[in-house]
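Visitor: fold the stuff below for me.
(4 chains)
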2 protein chains.
Amino acid sequence: MNHLILTNNRHLISLNMANGYKYPIKVVSQMTGLSVHVIRAWEKRYSVVEPDRTETNRRLYSELDIEKLKLLNDALRLGYHIGGVANLSLAELRSLLSKETKGTIEIKNDFAPVSSEKIVEEVLSESLEAIKNYDAKKLESILLNASSKLTQPILIESLIIPLVYKVGELWHSGEIRVANEHLASSVIRGFLFNLLESYSVSDSAPIVVSATPRGQDHELGALIVGVVAASSGWKVIYLGSNLPAEEIGAVVTHLNARVVALSIVYPNDDPLLPRELRKIKQILPSGVSIIAGGRSANGYLDVLDEIGAFVVKNSKQLRLELETIRENKYN
Amino acid sequence: MNHLILTNNRHLISLNMANGYKYPIKVVSQMTGLSVHVIRAWEKRYSVVEPDRTETNRRLYSELDIEKLKLLNDALRLGYHIGGVANLSLAELRSLLSKETKGTIEIKNDFAPVSSEKIVEEVLSESLEAIKNYDAKKLESILLNASSKLTQPILIESLIIPLVYKVGELWHSGEIRVANEHLASSVIRGFLFNLLESYSVSDSAPIVVSATPRGQDHELGALIVGVVAASSGWKVIYLGSNLPAEEIGAVVTHLNARVVALSIVYPNDDPLLPRELRKIKQILPSGVSIIAGGRSANGYLDVLDEIGAFVVKNSKQLRLELETIRENKYN
DNA sequence: AATGCTTTGTCGAGCATTTGTCAAGCATTA
DNA sequence: TAATGCTTGACAAATGCTCGACAAAGCATT
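Guide: This next block holds a predicted model:
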């Protein structure tokens, strides 16, 4: 059904369109995740769907057909046999599945006991392989794929962070080149940035400004912070790396932010950083919290303590800290 | 750390590419990634597009034609056959493709094709507004939206580059903050990176390695080069900024790349850069071409000349240069 | 457990259609 | 003159179709 809303003479907004277009089998295969062989076999054996044909006998599937195939595929994953559910109508299938999914929250755990650890391990080694081959596209698709299989905390804590560490290690040990590392960084950065931008939060959400202070060039940490904060319901203003204190202050004031999150990764003995941190503290309006994290944060514990920053060691602590701050706001 | 400064000779190009301009088939082939044979075959067999003709019967394609061809190419990649999608309108094609990826609401504007200049102007001012408000998400959606309305050359030459340039200007003049500039850089970088990764080329495509040499921190130029090259059918290995000569050499050798594209934006008087450039030349296998571009390339013309690099001033020249190199390969 | 029977995903052979590519011969352009 | 473009016709690769075969997995019986 086509709901068309005419807003003015040159914009047409169409919602929820089920136009008359019919899809070829290859596309249906991709959309449903079923192989073309299976789709044809099911048709032959159970008349699961009976697609139209072109004049030259090629199959043309409607959107309803596709929906049914998708539902059947879901049903199989839940343990049903194709023979048992093949002749159910679309409505019956839908109710069947909605009932099932209510009963068990974690569908995947029952039938596909692939542990997260297993996935992570695999993804890690595949990723490193892609990095070694300078295959940016491959790496990206691996990460995308992983992000759909893993929960966000696991994705960040068990995959992304270890991957970044590992790449750093291999680089230091000379097992991969600077070029490999650059390429990996680019892709991971792009991936995280997309992830960050994909969160949509309410306008009333509290604001956290994420950046690395002046002298700190490694922005992946700040991006990770951003992703974690966004997933915790914060509105994230991501400013990238190497940001002078005055700039951080200006943004916080302008947007009335609640938290500044700083990522400190390298070097861990920058003599100028303490001064920069103090300056940040000095510029920030009172009531704005500072959270610091990153591999080298430990190198500056005394300054961080001095300026009243919360130091977090991992994304879980970060989450907790953000939560605490958020609640205190209303006290 | 990414400053937004780029070439400023965009005026001429934007005039050339202005709205009513019609493109000959070879150019269309490059822009769409389709061979001229295929374009003609589709026209003959399905009347996919019906380009104007010169008095002497040569085809002249409009931007809408090009857009349609691009969309069709995308559709093929998703498994559609040309016969099935050939007669769809531009709007139908767009909705078909967006359904593949999103499947949600969609806004079309085909009913009164606004001129590119108008769009660009609007998008530019909206973008700057979003940047001033630290609204990364808004900026990103503006760019995404623009990319669906504009052809790729116009998007790059008339929108992205001017935007980058404008932001640099505003920053220098103090009208916006470093923080605004950082945020804009992040978003634009992410946008370009996505664009780059979205091109899929055949495995047999010649390879170009894109990077900035050691000492050059500004990677947007290298990304733009990457996007242009990818749209011209090259396989792009994007290595980011600040890459030592040995690394570039190693990658080129390992992947048997045909071209190294270097972006040189700032500073324009780095005393170490000439040495680095010579080193690159020295390390590269013979037969590998070097292309250099970017705002500050002019500052190193003699060295670039010495090492036999092609210096390009804009994306059009870049395209031409790539094409020339590509053809020479087979002679 | 072991045995058979059934279900079901996968594959290949042989044929038809679709589609990308190419060459030949001529016209236009630079 | 060399390069580019046009049309036509031909060809080969890719894709899809049907049918049949096969093996892994599930299930029930012994």
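Visitor: count residues in the vicinity of A:V259, would you?
Guide: 22 (other Cβ atoms under 10 Å in any protein chain shown). Yep, even glycine has a C-beta here, placed from its N, CA and C like the rest.
Visitor: with adjacent residues omitted, what lies nearest to it?
Guide: In this structure, A:V259 finds its nearest non-sequential neighbour in A:V208, 4.2 Å apart by Cβ to Cβ, 6 or more residues apart in numbering or on different chains.
Visitor: low-confidence ranges in the stretch 1-150 of chain A?
Guide: A:1-19, A:98-116 (pLDDT under 70).
Visitor: can you map out the helices along it?
Guide: A:25-32, A:36-46, A:63-77, A:82-85, A:90-103, A:107-111, A:116-132, A:136-149 (DSSP state H, counting those that start in this stretch).
Visitor: so what touches the helix or strand following the last one?
Guide: Put plainly, it is helix A:136-149. Remark: after helix A:136-149, the chain's next helix or strand is helix A:152-154, criterion DSSP states H and E. Here helix A:152-154 makes contact (Cβ atoms under 8 Å, 6 or more residues apart in numbering or on different chains) with A:S116, A:V120, A:V227, A:S231, A:S315, A:K316, A:R319.
Visitor: alongside DNA strand D, which residues does chain A contribute?
Guide: Neighbours of DNA strand D within chain A, by Cβ under 7 Å from any atom of the strand: A:P24, A:I25, A:K26, A:V36, A:R40, A:A41, A:K44, A:N57, A:R58, A:R59, A:H81.
Visitor: from these, keep the buried residues only.
Guide: Buried subset of those (neighbour count, 16 or more other Cβ atoms under 10 Å in any protein chain shown): A:P24, A:I25, A:R59.
Visitor: and of these, the nearest to B:G299?
Guide: Using Cβ to Cβ, A:P24 is the member of those that sits closest to B:G299, with 54.6 Å.
Visitor: surely that closest one meets B:G84?
Guide: Yes - if you go by Cβ atoms under 8 Å, A:P24 and B:G84 touch, sitting 5.6 Å apart.
Visitor: the stretch 201-331 of chain A: helices as residue ranges?
Guide: So, for the stretch 201-331 of chain A - with DSSP H, counting those that start in this stretch - the helices run A:220-231, A:245-255, A:273-283, A:301-306, A:315-328.
Visitor: buried ones in stretch A:277-290?
Guide: A:L277, A:K279, A:I280, A:K281, A:I283, A:L284, A:V288, A:S289, A:I290.
Visitor: wait, the last one sits on A:V260?
Guide: Spelled out, that is A:I290. Yes - A:I290 is in contact with A:V260 according to Cβ under 8 Å; the separation is 5.1 Å.
Visitor: identify the contacts common to these two.
Guide: A:I280, A:L284.
Visitor: next, the buried residues of stretch A:187-198.
Guide: A:V187, A:I188, A:R189, A:G190, A:F191, A:L192, A:F193, A:N194, A:L195, A:L196, A:E197.
Visitor: nearest to DNA strand D, of those residues?
Guide: A:V187 (27.6 Å; Cβ to the nearest atom of the strand).
Visitor: for that closest one, pull up the helix or strand it's in.
Guide: With DSSP H and E as the test, A:V187 turns up in helix A:178-198.
Visitor: what's around the nearest residue to A:V49 once chain neighbours are set aside, how many residues?
Guide: Of all residues not flanking A:V49 in the chain, A:D65 sits nearest, at 4.3 Å (Cβ to Cβ, 6+ apart). Residues lying near A:D65 (other Cβ under 10 Å) number 23.
Visitor: surely A:D65 and A:D52 touch.
Guide: No - in this structure, A:D65 is not within contact of A:D52 by Cβ under 8 Å, at 9.1 Å.
Visitor: what sits against the closest residue to A:L139 other than its chain neighbours?
Guide: Closest residue in space to A:L139, ignoring its immediate chain neighbours: A:A130 at 4.1 Å, by Cβ to Cβ, 6+ apart. By Cβ under 8 Å, 6+ apart, the contact set of A:A130 is A:A136, A:K138, A:L139, A:I142.
Visitor: mind doing that once more with 10 Å?
Guide: The contact partners of A:A130, by Cβ atoms under 10 Å, 6 or more residues apart in numbering or on different chains, come to A:A136, A:K137, A:K138, A:L139, A:E140, A:S141, A:I142, A:L143, A:N180, A:L183, A:A184, A:V187.
Visitor: from the residues you listed, which would you call buried?
Guide: By 16+ other Cβ under 10 Å, the contacts of A:A130 give A:A136, A:K137, A:K138, A:L139, A:E140, A:I142, A:L143, A:N180, A:L183, A:A184, A:V187 as buried.
Visitor: and the residues you listed, which is closest to A:V48?
Guide: A:I142 (32.7 Å).
Visitor: tell me the spacing between the closest one and A:L124.
Guide: Applying Cβ to Cβ, to the nearest Å, the value for A:I142 to A:L124 is 10 Å.
Visitor: shared neighbours, the two?
Guide: A:L159, A:L163.
Visitor: surely A:K279 meets A:G215?
Guide: No - assessed by Cβ atoms under 10 Å, A:K279 is found out of contact with A:G215, at 12.0 Å.
Visitor: still on that earlier bit, was I right to think the residue nearest to A:V259 contacts A:V225?
Guide: Yes - counting by Cβ under 10 Å, A:V208 does reach A:V225; the two are 8.1 Å apart.
Visitor: could you tell me which residues touch both of the two?
Guide: With Cβ under 10 Å, 6+ apart, A:V208 and A:V225 have common neighbours A:V236, A:Y238, A:A261, A:I291, A:L322.
Visitor: so which other helices or strands are in contact with the host helix or strand of A:L170?
Guide: Secondary structure from DSSP H and E places A:L170 in helix A:161-172. With contacts taken as 3 or more Cβ pairs under 10 Å, 6 or more residues apart in numbering or on different chains; DSSP states H and E, helix A:161-172 sits against helix A:116-132, helix A:136-149, helix A:178-198, helix A:220-231.
Visitor: which among the ones you listed is found nearest to DNA strand C?
Guide: helix A:136-149 (18.3 Å).
Visitor: got the CA coordinates for the closest one in CSV?
Guide: This file holds the C-alpha atoms of helix A:136-149, laid out as CSV (Å, rounded to 0.1, in the frame of the first residue of the first chain):
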residue,chain,number,x,y,z
ALA,A,136,40.1,-2.1,3.8
LYS,A,137,36.8,-3.1,2.4
LYS,A,138,37.1,-6.6,3.8
LEU,A,139,38.0,-5.3,7.2
GLU,A,140,35.1,-3.0,7.2
SER,A,141,32.6,-5.7,6.3
ILE,A,142,34.0,-8.0,8.9
LEU,A,143,33.5,-5.3,11.5
LEU,A,144,30.0,-4.5,10.3
ASN,A,145,29.1,-8.1,10.4
ALA,A,146,30.5,-8.5,13.9
SER,A,147,28.5,-5.5,15.1
SER,A,148,25.3,-7.2,14.1
LYS,A,149,26.2,-10.4,15.9
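Visitor: mind listing what the closest residue to A:R326 other than its chain neighbours touches?
Guide: Of all residues not flanking A:R326 in the chain, A:P206 sits nearest, at 5.8 Å (Cβ to Cβ, 6+ apart). Contact partners of A:P206, counting by Cβ under 10 Å, 6+ apart, are A:A229, A:G233, A:W234, A:K235, A:N256, A:A257, A:R258, A:V259, A:L322, A:I325, A:R326, A:K329.
Visitor: repeat for A:S315
Guide: A:S315 neighbours (Cβ under 10 Å, 6+ apart): A:152-153, A:155-157, A:160-161, A:224-225, A:227-229, A:231-232, A:293.
Visitor: filter those down to the buried ones.
Guide: Judged by 16+ other Cβ under 10 Å, buried ones among these: A:152, A:155-157, A:160-161, A:224-225, A:227-229, A:231-232, A:293.
Visitor: residues from chain A in reach of DNA strand C?
Guide: Going by Cβ under 7 Å from any atom of the strand, the residues of chain A near DNA strand C are A:35, A:37-38, A:41-42, A:45, A:54-58, A:76, A:81-84.
Visitor: quick check, pLDDT for A:A297.
Guide: At A:A297 the predicted local confidence, pLDDT, stands at 89.
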